[in-house]
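Peer 1: let's see this in three dimensions:
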Amino acid sequence: MFDPAFVDWNLPATACPPEERHLHAPAHLARQLARLERMGLGQPFVMRPSALGLHWFPAGHWLVGCGNAEVLHQPSVAVVGTRSPAADEEAALSDWLNQALSRLGLTVVSGGARGIDTMAHRAALRAGLPTVAVLAGGMLQAGPAQNRSLFAEIVAAGGCVLTEQPLGCRPFDTLFVARNRTIAALSLGTLVVRAPAQSGALTTAGFARRLQRPVGVLPGAPWEPSAVGSNGLLGRGASAITRAEDLATLLGTALASGSRALPLVQAEAVAVPTGAMSEAAGRLWAALAAAWEDGDDVVRMSGLAGGEALAALTELELDGLLERRGTQWRRAGR
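Peer 2: Numbers count the residues shown, from 1 in each chain. The predicted structure is shown next:
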């Protein structure tokens, strides 16, 4: 069902001796997938990013999730903000999001956290819109715990919950930054609703700007701590958003063309056994697709250093497992 390298990727390094990984990895993954089914999120999907457009970080090999992966191909907007909005603003913010997102009619992408993320997902559900929750940890660590029922609702309503981490990976600080990068990459633009001076939502906005995608801010009271960081974005190129029409204008031609932010392809099943190649070659093989791709992008996605990548490339070429055309590579047709 899955690429052997994907199976191995989901086996913790401490689970067994290296020489026994090929024996234990498939059974370990089967147990993990069975646990995921028991969580009520349905059958998992595995997708490999084919064109992240992010050239300044090593991209993950896969996106793993549950639900309707097709929504990832639809025009979407990221809605992010603080986990702790001001108590006296919560009802008003929730109402504004309900009305604005309903009128805009886009897929809503957020991080599944408490506060603004939860408001955004629930606003999308109430409006009958698909929504995507991007997790910091693996699918088996979906959190926060109080949002497990929300994740099930998202899947049941035709959206999806996903991550770029192995199934059992526990979330930690660095992974929340990676999660924010993925939220920005999946969206045509980002709306920051409320963010204090130190907020992960500000990193999402930063990634969106690096991707040359627009950032909007719902202005807050200048004396409210939960709005200090987001208001500060207004002086650094972000646009003030007070109506759904403002958000539609912000997204501009990307919205009008109906383009998707992150092209994705279904992971191919691979018949090559893990033991048939070196670990480095297996990683490079997992990063290859059936379509022609630039060699630098493939190496970056594999996470290999230059020397390792060259040796792995030579190994795969000698085994007839890849084809080269100039600076582009693909898996050999069989």
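Peer 1: which stretches of the stretch 1-150 of the chain form helices?
Peer 2: 4-9, 21-38, 90-104, 116-126, 148-156 (DSSP state H, counting those that start in this stretch).
Peer 1: reformat these as TSV; add mean pLDDT.
Peer 2: As requested, those are exported to TSV (pLDDT from 0 to 100):
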stretch	mean pLDDT
helix 4-9	75
helix 21-38	80
helix 90-104	91
helix 116-126	95
helix 148-156	95
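Peer 1: closest one to residue 232 among these?
Peer 2: When these are compared by C-beta to C-beta, helix 116-126 sits nearest residue 232, at 16.5 Å. Just so you know, the C-beta spots here come from the backbone N, C-alpha and C atoms, and that holds for glycine as well.
Peer 1: what does the closest one contact?
Peer 2: Helix 116-126 is contacted by residues 79-83, 85, 90, 93-94, 97-98, 101-102, 107-108, 110-112, 130-131, 133, 147, 150, 153-154, 157, 159, 193-194, 201 when judged by C-beta atoms under 8 Å, 6 or more residues apart in numbering.
Peer 1: mind redoing it with 7 Å?
Peer 2: 79-82, 85, 93-94, 97-98, 101, 108, 110-112, 131, 133, 147, 150, 153-154, 157, 193-194 (C-beta atoms under 7 Å, 6 or more residues apart in numbering).
Peer 1: just the buried members of those?
Peer 2: 79-82, 85, 93-94, 97-98, 101, 108, 110-112, 131, 133, 147, 150, 154, 157, 193-194 (16 or more other C-beta atoms under 10 Å).
Peer 1: which stretches of the stretch 101-250 of the chain have low pLDDT?
Peer 2: Judged against pLDDT under 70, the stretch 101-250 of the chain has no low-scoring part.
Peer 1: contacting residues for the spatially most central residue of the chain?
Peer 2: Note on the chain: the residue nearest the mean C-alpha position is residue 182, at 3.9 Å, using C-alpha atoms, centre = their mean. Under the criterion of C-beta under 7 Å, 6+ apart, the neighbours of residue 182 are 134, 164.
Peer 1: mind starting the numbering at 46 from now?
Peer 2: Sure, I'll start numbering at 46, so the last one becomes residue 227.
Peer 1: and the helix or strand where it lies with helix 161-171, angle?
Peer 2: Applying DSSP states H and E as the criterion places residue 227 in helix 218-230. With axes from the mean of the first three to the mean of the last three C-alpha atoms, to 10 degrees applied, the angle from helix 218-230 to helix 161-171 works out at 40 degrees.
Peer 1: following helix 218-230, which helix or strand shows up next?
Peer 2: Next in sequence after helix 218-230, counting helices and strands by DSSP H and E, comes strand 235-237.
Peer 1: immediately after that next one, which helix or strand?
Peer 2: Counting by DSSP H and E, what follows strand 235-237 is helix 245-255.
Peer 1: still on that earlier bit, closest one to residue 370 among the helices of the stretch 46-195 of the chain?
Peer 2: Residue 370 lies closest to helix 49-54 among those, at 23.2 Å (C-beta to C-beta).
Peer 1: just how off-centre is that closest one within its chain?
Peer 2: Remark: helix 49-54 is offset 19 Å from the chain centroid, using C-alpha atoms, centre = their mean, to the nearest Å.
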